[in-house]
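Got a sequence here, can you model it:
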Amino acid sequence: MYLRSKSYSLLVVLVLAVAILACNNSNRLPDTVTFTEHIAPIFYKNCTVCHRASGMSHLELVNYPQAKSYASSIAYVVGQRMMPPWPADPHYTEFSGQRLLTEREIKLIEKWVADGAIEGPKDKMPAEPQYPVGSAIGQPDMRIPVQPFFLKANSNDRFLLVKVPFELPRDTYASVIEFVPGNSNVVHHVNGDMIKYDFAKKKNVMEGNRVVDMVNDSSIVEAYKKLGLPNDDGTYPMLEKSVVNYLPGVYAQKYPGGIGGYALPRKGAFLLNDLHYGFTRSQDIIDSSYINIFFARTPPDRVVQEFQLGTVGISPVEPDLVIMPNTTKKVYSRYTVQKDISVLTVNPHMHLLGKSFKAYALKPDGDTIRLISIPKWDFNWQYFYTFKKMVKIPAGSTIIAEGAYDNTKDNPQNPFSPPRLVRDNNGSMRATDEMFQFIISYLPYKDGDENISLEPKQH
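Below you'll find the model as predicted:
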């Protein structure tokens, strides 16, 4: 028995040694790192969805000359994990479609740059990915232009109310409605609803202006009248909320299995109630954004619902979001769910003074459900984070969102020098005001929801 045990022990040691050697070999970098063999596959997997012609980035990294010209900058931003931009902590929660470079991929890029950014054998170059034109998710069935808007050079933030009417041959359904910025360098975000008219009360859905600039029109009621939104008798139509939205880095989400989607009337309109243009630089710009519609043959089996904590939400910000100059501040908002829900997507939101964000749910038995942690807030990248599978939050659980703000001169994003008092200002979306929101998209829970994959699918 002793001899047999000893032989087994030697076998285990040998297997472990082989495994360790194989692991070390897999992590060992090639003596020569080239663009065609090693770097292009990394870029095509993680970067060129944005860094391409008609992508959201202002620079392209599709071929060797493009990549070489930015080589030293690329090495720096990937080494600092600034790119690909993914603010959420992957060790706290993993999400569907997240783009993160492995340590080995980062080392490969750094070595490639350090060794002179060699091109490599041309026959080793992988095929360039085929991306949809004019969309981030696929070929749309219908495209509706948004009224072009002229922005003078050195303009400050602009907030528009925009009506985008449409006519269809008949009532139908949409699986996805996607906003595509004409100029992603100036379009910061869009929050859009769908107007659902009763045609007995509204004869002409096309009447009215297409755009109202809220710099000049402070009254929302007057702005709605200029857009021709009221019914003919002066009443207002129903709105279906959050139908079309946009943030830098955000892609329209198509959930699987009949989840989500919208009923489209044959005549209607989208109301972009918050089209935000950021500061423009040294040249005039005309933005020509548009909306893509992806039709569906049948109505959705399950309609996605939404609520938000914090600013203008169902739970207050505590303490009040008033940040004195030269101070830091922590706030929170909490809400107890009254029924079992299945969470699909979460969207944290802060402005320029934000420093960190964290959200979780405390179950009635005391267990914690991790939702999201963003240790280093970045105003420029505010995603809708979709879970890999639905997350059940049982009735009686309390969802808690926590945020930290920095209103000192040490915050490089501080819009004021010297720092000034900053507050939420009744839900103002201006970047120089502040917000604290946690938006949750969910379904009423059904048995088995935890096993439904939410991984991204092409339309």
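
Going along the chain, name the strands of the stretch 201-350 of the chain.
If you assign secondary structure with DSSP state E, counting those that start in this stretch, the strands in the stretch 201-350 of the chain sit at 211-213, 238-246, 262-264, 267-277, 285-287, 290-296, 305-310, 322-323, 327-336, 341-349.

among the ones you listed, which is nearest residue 411?
Closest to residue 411 of the strands of the stretch 201-350 of the chain, according to CB to CB: strand 327-336, at 8.9 Å. All C-beta spots, glycine's among them, are computed from the backbone N, C-alpha and C.

Point out the other helices and strands that the closest one packs with.
The helices and strands touching strand 327-336, judged by 3 or more CB pairs under 8 Å, 6 or more residues apart in numbering; DSSP states H and E, are strand 305-310, strand 398-407.

Just checking: what are the partner strands of the helix or strand following the last one?
What that stands for is strand 398-407. Per DSSP states H and E, the first helix or strand lying C-terminal to strand 398-407 is strand 422-423. The pairing partners recorded for strand 422-423 under DSSP bridges are strand 322-323 (antiparallel).

contact partners of the partner strand?
Identification of contacts with strand 322-323 by CB atoms under 8 Å, 6 or more residues apart in numbering yields 329, 353, 405, 407, 421, 422, 423, 424, 434.

quick one, what contacts the fourth one?
Residue 407 sits next to 323, 324, 325, 326, 327, 328, 329, 353, 414, 419, 422 when contact means CB under 8 Å, 6+ apart.

could I get the residues you listed as TSV with distance to residue 87, neighbour count and pLDDT?
Listed next are these as TSV, based on distance: CB to CB, whole Å; neighbours: other CB atoms under 10 Å; pLDDT from 0 to 100:
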residue	distance to residue 87	neighbour count	pLDDT
323	21	22	98
324	26	13	98
325	26	14	98
326	26	12	98
327	24	12	98
328	19	15	98
329	20	19	98
353	16	28	97
414	19	19	96
419	24	20	97
422	21	23	97
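
What segments of the stretch 351-459 of the chain are strands?
For the stretch 351-459 of the chain, applying DSSP E, counting those that start in this stretch gives strands covering 354-362, 368-374, 385-393, 398-407, 422-423, 437-444.

Return the per-residue confidence for residue 301.
pLDDT, residue 301: 91.

what sits against it?
Here residue 301 is in contact with 257, 258, 259 (CB under 8 Å, 6+ apart).

Residue 302 is in contact with the last one, correct?
By that I understand residue 259. Yes: using CB atoms under 8 Å, residue 259 is in contact with residue 302, at 5.1 Å.

Give me the more crowded residue out of those two.
More crowded of residue 259 and residue 302, by other CB atoms under 10 Å: residue 259, with 21 against 16.

Identify the residue nearest the geometric centre of this protein.
Central residue of the chain (CA atoms, centre = their mean): residue 383, 2.3 Å from the mean position.

Make JSON lines from the contacts of residue 407 and add distance to residue 239 to it.
Formatted as JSON lines, the contacts of residue 407 follow (distance: CB to CB, whole Å):
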{"residue": "323", "distance to residue 239": "32"}
{"residue": "324", "distance to residue 239": "37"}
{"residue": "325", "distance to residue 239": "38"}
{"residue": "326", "distance to residue 239": "41"}
{"residue": "327", "distance to residue 239": "38"}
{"residue": "328", "distance to residue 239": "38"}
{"residue": "329", "distance to residue 239": "34"}
{"residue": "353", "distance to residue 239": "31"}
{"residue": "414", "distance to residue 239": "36"}
{"residue": "419", "distance to residue 239": "38"}
{"residue": "422", "distance to residue 239": "30"}
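
now, among these, which is nearest to residue 176?
residue 353 (33.5 Å).

quick one: that closest one and residue 414 touch, right?
Yes: look at residue 353 against residue 414 with CB under 8 Å: they come within range, at 6.6 Å.

Touching both of these two, which residues are there?
Going by CB under 8 Å, 6+ apart, residues that sit against residue 353 and also against residue 414 are 406, 407.

hmm, back to that, how near is the residue nearest to the centre of the chain to residue 404?
Relative to residue 404, residue 383 is positioned 19 Å away (CB to CB, to the nearest Å).

same check, this time on residue 101
Separation of residue 101 from residue 404 (CB to CB): 27 Å.

Which one of those two is surrounded by more residues?
Between residue 101 and residue 404, counting by other CB under 10 Å, residue 101 is the more crowded of the two (20 against 17).

Does residue 126 belong to a helix, a strand or coil?
coil (DSSP: H, G, I helix; E, B strand; the rest coil).

Please give me every residue in contact with it.
Residue 126 neighbours (CB under 8 Å, 6+ apart): 36, 40, 41, 44.

Of these, just the buried ones, ChimeraX syntax please.
To isolate the buried ones among those in ChimeraX, judged by 16 or more other CB atoms under 10 Å, type:
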select :36,40,41,44
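
Would you convert the contacts of residue 126 into JSON lines that also reports secondary structure?
Shown next, in JSON lines, are those (three-state DSSP):
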{"residue": "36", "secondary structure": "helix"}
{"residue": "40", "secondary structure": "helix"}
{"residue": "41", "secondary structure": "helix"}
{"residue": "44", "secondary structure": "helix"}
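
State the pair within the contacts of residue 126 that is farthest apart.
Counting by CB to CB, the most remote pair of the contacts of residue 126 is 36 and 44, 11.4 Å apart.

Neighbours of the residue lying closest to residue 149 once chain neighbours are set aside, how many?
Among residues not flanking residue 149 along the chain, residue 287 sits closest, at 5.2 Å (CB to CB, 6 or more residues apart in numbering). For residue 287, the count of nearby residues is 22 (other CB under 10 Å).

same question, residue 370
By the criterion of other CB under 10 Å, residue 370 has 15 neighbours.

for it, what are its contacts?
Shown in contact with residue 370 (CB under 8 Å, 6+ apart): 92, 93, 360.

got the contact list for residue 308?
With contacts defined as CB under 8 Å, 6+ apart, residue 308 is in contact with 314, 437, 438, 439, 440.
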